[in-house]
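# Give me a 3D structure for the following:
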Amino acid sequence: MFASCADPSQLEGLSWLLCYLTSGKHMLFYGSFFVVLALMLITAPVALAFGFAGALAARSPVAPLRWLGKGYTAMVRGVPDIVFFLFVPVALDQGFEYLRHLWKCPPTGEPVWANGEFNVCAAAKLPLSTSPQIWHEAYGFTLAVVAFSIVFGAFAANVLFGAMNAVPRAQLETAEAYGMTPRQVSRRILIPQMWTYALPGLSNLWMILIKATPLLFLLGVEDIVYWARELGSTKSQIYAYPHPDWRVWYFLGLLCFYLAMTRVSEVVLGRLTTRLSRGQATMAGEAQRKLAGEAGA
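Sure, this is the predicted structure:
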């Protein structure tokens, strides 16, 4: 990073530590924090979209759609998360490569799946072996986002489904009495009202998503857990910056990072809950009205 760091063997004290903390691998470590933040910021809206579609499907008067929506939530909720996190990327990867194999590879008459192995021609691989490393990393990250979105989308669908059912039926019937169509009732009454009831459950899902991001390490993405283990493990004299086992300090840093993330999330979500509860016929809304009445008196 710095010219003075060219020969680590000549460094000691704070100079050694400064050069150590600004080495190339540490730059990748610092960048991996942005990978985790990107995962959360991308997964949250995508999972919410999956959940919204699943909740609407579960409430659909069309039986196949209703079965699909309820089956989606039941299937994902009934299987350990780690199974889906490992299964979805592999299934998607092989599915994409199989379709590319049918399109790009000449027919050989041999099955793609044989003897417990999945074999496609080189042109069908994703990404191609000649692709830059950045494309390999982006592809793995995309598969991880899809896996996280499917799992958390199912939980979000269950939360949103319950929130839609919690909206007082009298409000929906009043809207229908004024001549609104079912679509107008959903768009103007049901969906705006449900967020107050859904936010506590969605807040918990956001917290769980934060704590689940270390699973990126299991999906082959070089995240903060990967680099903390790599940089903190014992380094002998064959390395430029040898040191003993410092993993406890690296993981302590990760602990502080996740605690800070959850604290910031609690503050933001608390303010959002207060804003959405204003004027609503909920316990939080009633508490706000009582406080306003006492302040006026």
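
# Tell me how many other residues surround residue 88.
Other residues near residue 88 number 19, with proximity taken as other Cβ atoms under 10 Å. Quick note: C-beta positions are derived from backbone N, CA and C, even for glycine.

# isn't it right next to residue 145, touching?
No: if you go by Cβ atoms under 8 Å, residue 88 and residue 145 don't touch, sitting 10.3 Å apart.

# ok, the residue lying closest to residue 217 once chain neighbours are set aside - how many residues close by?
The spatially closest residue to residue 217, leaving aside those adjacent along the chain, is residue 225, at 4.2 Å (Cβ to Cβ, 6 or more residues apart in numbering). Neighbourhood size, residue 225 [other Cβ under 10 Å]: 20.

# nearest spatial neighbour of the residue sitting nearest the centre point of the chain, skipping sequence neighbours?
Most central in the chain under Cα atoms, centre = their mean is residue 43, positioned 3.9 Å from the mean C-alpha point. Leaving out its chain neighbours, the residue that sits closest to residue 43 by Cβ to Cβ, 6+ apart is residue 148, at 4.5 Å.

# name the element the one you found belongs to?
Using DSSP states H and E, residue 148 sits in helix 133-166.

# Give me the buried positions along that helix.
139-141, 143-161, 163-164 (16 or more other Cβ atoms under 10 Å).

# tell me the mean pLDDT for the helix or strand that that helix is followed by?
Remark: after helix 133-166, the chain's next helix or strand is helix 169-177, criterion DSSP H and E. Averaged across helix 169-177, the pLDDT comes to 85.

# Which positions in helix 169-177 come out as buried?
Neighbour counts over helix 169-177 (16+ other Cβ under 10 Å) mark 172, 175 as buried.

# try stretch 202-218
Of all the residues in stretch 202-218, those buried under the rule 16+ other Cβ under 10 Å are 202, 203, 205, 206, 209, 210, 212, 213, 214, 215, 216, 217.

# between these, which is closest to residue 178?
Of all the buried residues of stretch 202-218, residue 178 sits closest to residue 202, with 29.8 Å by Cβ to Cβ.

# Skipping adjacent residues, who's closest to residue 42 in space?
Nearest residue to residue 42, sequence neighbours excluded (Cβ to Cβ, 6+ apart): residue 145, at 5.4 Å.

# Report whether the expected contact of the one you found with residue 47 is present.
No: here residue 145 does not reach residue 47: they are 9.3 Å apart, not a contact under Cβ under 8 Å.

# re earlier: may I have the residues that are in contact with the residue nearest to residue 217?
Residues near residue 225 by Cβ atoms under 8 Å, 6 or more residues apart in numbering: 214, 216, 217, 254.

# Following whichever strand or helix holds it in sequence, what is the next regular element?
Using DSSP H and E, residue 225 sits within helix 224-232. Next helix or strand after helix 224-232 toward the C-terminus (DSSP H and E): helix 247-277.

# mind listing what's buried in that following helix?
By neighbour count on 16+ other Cβ under 10 Å, the buried set for helix 247-277 is 250, 254, 258, 261, 265, 269, 276, 277.

# does residue 150 really touch residue 89, like I thought?
No: using Cβ under 8 Å, residue 150 is not in contact with residue 89; the gap is 10.5 Å.

# how about low-confidence regions in the stretch 1-150 of the chain?
1-2 (pLDDT under 70).

# show me where it has strands.
Assignment of strands within the stretch 1-150 of the chain using DSSP state E, counting those that start in this stretch yields the ranges 113-114, 117-118.

# on that earlier part again, could the buried residues of helix 247-277 go into CSV alongside distance to residue 182?
Converted to CSV, those look like this (distance: Cβ to Cβ, whole Å):
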residue, distance to residue 182
250, 55
254, 49
258, 44
261, 40
265, 36
269, 32
276, 24
277, 27
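
# what about stretch 107-124, start to end distance?
End-to-end span of stretch 107-124 (Cα to Cα, to the nearest Å): 13 Å.
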